[in-house]
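Colleague: Let me see the structure of the following:
(one chain, ligands or ions: 1)
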Amino acid sequence: MSKLTDKVALVTGGSRGIGAAIAKRLAADGATVAITYAKDASAASAVVKTIELDGGKAIAIQADAADVEAVKRAVETTVATFGRLDVLVNNAGTAIPKPFEEATLEEMNRVIDINIRGVYVATQAALKHMKSGGRIISIGSAVGERVAAPGLVPYAGTKGAVKMFTQALAREIGSRGITVNNVQPGPIDTDLNPASGDWAVPQKAATALDRYGRVDEIAAMVAFVAGPESSYITGANLTVDGGMNA
Ligand code: NDP
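Modeller: All right, here's what the predicted structure looks like:
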């Protein structure tokens, strides 16, 4: 029996990048998986198809993380379709890199709404259904703890908020047997943060391993935290950054 057999996971922003890798890895470990996406329906259905071809079960739900009602509906659709919810992965996130003084209110609101308000709303909705053994896992960022480069002020603020959200909620719901953890990636090669180009050079140089990370290296940590062997880990900020914050 696989580690996540009979478990149901919901991964927000699961159609590309880190979220898609997490969805596929949780499915490979035996979970039934729902993913949300904002815009790219074909990328989302490609993830579902890959999981199904490997013998797993998955659905894709359109739900912008900034849309409170859509996020709540995504949780309800997951439970209505698969009958339960054991693992929530708050992965949907965005950055709008630019000097802080040039950031518009609209841009700051967008980053806040997706990266932290979306996490609050999805987690509240998920907790209505979660039982003992449940897992809340958020994808924060290494810049939620230390920021080596300019241009990420509102983003880093939201990721620091994800960190404290994790610690505070872990305290509040530990008695229910539900763990709450924060996986903090360093530079990972995705559409959001490609390993090529000017922006990548200082990020790669800041890591101890002198390289970008791969999406499967984040998915491996999430799979561990989602699984039974992480039962005594809660309120933790688990940095997977090639030593960037060392
Ligand atoms: P990508 O931009 O490569 O992928 C983002 C995924 O999220 C896509 O599936 C996208 O779907 C979905 N998405 C984007 N906006 C929304 C939204 N408003 N509502 C729902 N889904 C949405 O990002 P990454 O994979 O790089 O990032 C994933 C998470 O990891 C984010 O929280 C990010 O902050 C964090 N992270 C990433 C790092 C990196 O170096 N890549 C480093 C540290 C943290 P669609 O195409 O439909 O919009």
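Colleague: Residue numbers of this protein in contact with the ligand?
Modeller: The chain has residues 12-19, 36-40, 43, 64-66, 91-94, 114, 139, 141, 185, 187-188, 190-193 near the ligand, with proximity defined as Cβ under 6 Å from any ligand atom. For glycine as for every other residue, the C-beta is placed from the backbone atoms N, C-alpha and C.
Colleague: Quick one: low-confidence residue ranges for this protein.
Modeller: For the chain, the stretches flagged by pLDDT under 70 are 1.
Colleague: Longest helix of it, counting residues only.
Modeller: Ranked by residue count under DSSP state H, the longest helix found in the chain is helix 153-173.
Colleague: following that helix, which helix or strand comes up?
Modeller: For helix 153-173, the succeeding helix or strand toward the C-terminus, using DSSP states H and E, is strand 179-185.
Colleague: distance between the helix or strand just after that following strand and the chain's centre?
Modeller: On the C-terminal side of strand 179-185, the closest following helix or strand by DSSP H and E is helix 200-206. Computed by Cα atoms, centre = their mean, to the nearest Å, the chain-centroid distance of helix 200-206 equals 23 Å.
Colleague: Can you give the contact residues for helix 200-206?
Modeller: Contact with helix 200-206 is made by A148, A149, G186, P187, N193, P194, A195, D210, R211, Y212, M244, as judged by Cβ atoms under 8 Å, 6 or more residues apart in numbering.
Colleague: if we go to 7 Å?
Modeller: A148, A149, P187, P194, D210, R211, Y212, M244 (Cβ atoms under 7 Å, 6 or more residues apart in numbering).
Colleague: Please apply the same query to stretch 71-85.
Modeller: Counting by Cβ under 7 Å, 6+ apart, 8, 10, 32, 34, 36, 59, 61, 63, 65, 118, 121-122, 125-126, 129-130 sit against stretch 71-85.
Colleague: how about the contacts of helix 200-206, which pair is most distant?
Modeller: A148 and P194 (17.9 Å; Cβ to Cβ).
Colleague: Comparing those two, which shows the higher neighbour count?
Modeller: A148 (15 against 12; other Cβ atoms under 10 Å).
Colleague: Spatially nearest residue to the more buried one (excluding sequence neighbours)?
Modeller: A206 (4.9 Å; Cβ to Cβ, 6 or more residues apart in numbering).
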